[in-house]
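J.: take this sequence and fold it.
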Amino acid sequence: MALPLVLLSHPLPPKWISALQGRVRLIVGPPDAPGFAPHLLELLGEAEGILCLLTDRVDQELLDQAPRLRVISNMAVGYDNIDVAACSRRRIPVGNTPGILTDATADLAMTLLLASARKIFSASTDARNGLWTTWSPMGWLGADLKDATLGIVGMGKIGKALADRARGFGLKLIYTDSRHQPDAGMRYGAEYRSLDELLAESDFISLHCPLTEETRGMINTAALKKMKPSAILINTARGPVVATDDLVQALSEGWIRAAALDVTDPEPLPEHHPLYDLPNCLVLPHVGSATEGTRRLMAEMACENLLAGIEKKRLPNLVNPEIYKS
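T.: Sure thing, here's the model as predicted:
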């Protein structure tokens, strides 16, 4: 009996996906493809499973080419790259990898906050470029953390993990959340605010909300003008939560002090994008979950979801449970 065909959009280390060995026939795409490579698309008609990344778009057009598909496993906690409604109409379960990347992403958010507050990138660059000629009392002055206010937008697992870390630096914590959980921050000494209140009060604003129709472009011109001129914006959530052109203008014209971004819109950010030229903007290539342990656990969880779907069992981490309702 032939093994079920599974398409893996990009290579992963063999140890990370060892659970698939001998249980599926795996066809893998190249490492540098922006989405599904052509040779994978040609095999959609035979594919029974897809293991993809958050950069791979799974839409109605792709699903139309995959009549035998049993499962889609996304190696990410977010799944805005997948048309979940279209999958549900076809009774295709969609899996994700929640929980695993909480600590790694919160660590990075705290890293970006510290780096942008203390101008680490520009200070290091200036030193390398010969601009460090003497100790200067006015050189590379950063922002103080103690008694400053950190506003957390989205008090889910990552938002709470950041709050836990930020308390050690003496930051005052406030938060807002679309699920209107006024008690979610109580354990961390964080006080609830409306979004407008948070924008006006915060010295640092860290985004941890999912990408939805409500949050897409949420940080736009109007939102940026509500922030303090000394405010620093951190985004480790999803790029489209921030209106990129509006942010470029805000940073260029001094509406806010700085931004530190692990995610962008578009992604990847083109080589000559204006954000790269701004001295008050730090851009990383979406590395929030990029630790060896975290990425391996994500891959292993994605394999568990995939194999459950191939074997017509309920996925351990399921995005669309409605497909199992009669």
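
J.: from here on, contacts and neighbour counts on C-alpha atoms
T.: Noted.

J.: now Ala200: which helix or strand?
T.: In the assignment (DSSP states H and E), Ala200 maps to helix 195-201.

J.: helices or strands up against that helix?
T.: strand 149-153, strand 172-176, helix 221-226 (3 or more C-alpha pairs under 8 Å, 6 or more residues apart in numbering; DSSP states H and E).

J.: show me the contact partners of the next helix or strand after it.
T.: Using DSSP H and E, the helix or strand that follows helix 195-201 in sequence is strand 204-207. With C-alpha atoms under 8 Å, 6 or more residues apart in numbering as the test, strand 204-207 has contacts from 109, 113, 148-154, 199, 231-237.

J.: all helices of this structure, in order?
T.: Counting by DSSP state H, the chain has helices at residues 38-41, 60-64, 84-89, 102-117, 120-128, 157-166, 195-201, 221-226, 244-253, 274-277, 292-310.

J.: to Ser73, which of these lies closest?
T.: helix 292-310 (5.4 Å; C-alpha to C-alpha).

J.: let's have the helices of the chain in a markdown table, adding mean neighbour count, mean pLDDT and distance to Leu7.
T.: As requested, these are exported to a markdown table (neighbours: other C-alpha atoms under 10 Å; pLDDT from 0 to 100; distance: least, C-alpha to C-alpha, whole Å):
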| stretch | mean neighbour count | mean pLDDT | distance to Leu7 |
| --- | --- | --- | --- |
| helix 38-41 | 14 | 97 | 7 |
| helix 60-64 | 14 | 97 | 13 |
| helix 84-89 | 16 | 97 | 17 |
| helix 102-117 | 21 | 97 | 27 |
| helix 120-128 | 14 | 93 | 39 |
| helix 157-166 | 22 | 96 | 30 |
| helix 195-201 | 19 | 98 | 41 |
| helix 221-226 | 17 | 98 | 41 |
| helix 244-253 | 18 | 98 | 33 |
| helix 274-277 | 16 | 97 | 35 |
| helix 292-310 | 21 | 98 | 11 |
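
J.: show me the domain layout of the protein.
T.: Domain segmentation of the chain under automatic domain parsing yields 5-99+292-324, 102-283.

J.: my read: Val319 touches Val94, true?
T.: Yes. Under the criterion of C-alpha atoms under 8 Å, Val319 makes contact with Val94 at 5.5 Å.

J.: overlap in contacts, these two.
T.: Joint contacts of Val319 and Val94 (C-alpha under 8 Å, 6+ apart) are Val84.

J.: so the two - more neighbours on which side?
T.: Val94 (27 against 20; other C-alpha atoms under 10 Å).

J.: distance of the closest residue to the more buried one other than its chain neighbours relative to Val248?
T.: Nearest non-adjacent residue to Val94, counting by C-alpha to C-alpha, 6 or more residues apart in numbering: Ile72, 4.9 Å away. Separation of Ile72 from Val248 (C-alpha to C-alpha, to the nearest Å) stands at 36 Å.

J.: ok, Ala86 next?
T.: 35 Å.

J.: how close does Leu62 get to Leu40?
T.: Counting by C-alpha to C-alpha, the gap from Leu62 to Leu40 is 11 Å.

J.: can you put the helices and strands packed on helix 195-201 in JSON lines and add distance to Ser206?
T.: As requested, those are exported to JSON lines (distance: least, C-alpha to C-alpha, whole Å):
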{"stretch": "strand 149-153", "distance to Ser206": "5"}
{"stretch": "strand 172-176", "distance to Ser206": "9"}
{"stretch": "helix 221-226", "distance to Ser206": "13"}
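
J.: what's the closest of the ones you listed to Leu20?
T.: Across those, closest to Leu20 is strand 149-153 (C-alpha to C-alpha), at 37.9 Å.

J.: paired strands for the closest one, with orientation please.
T.: Paired strands of strand 149-153, with direction, are strand 172-176 (parallel), strand 204-207 (parallel) (DSSP bridges).

J.: thanks again, I'm all set now.
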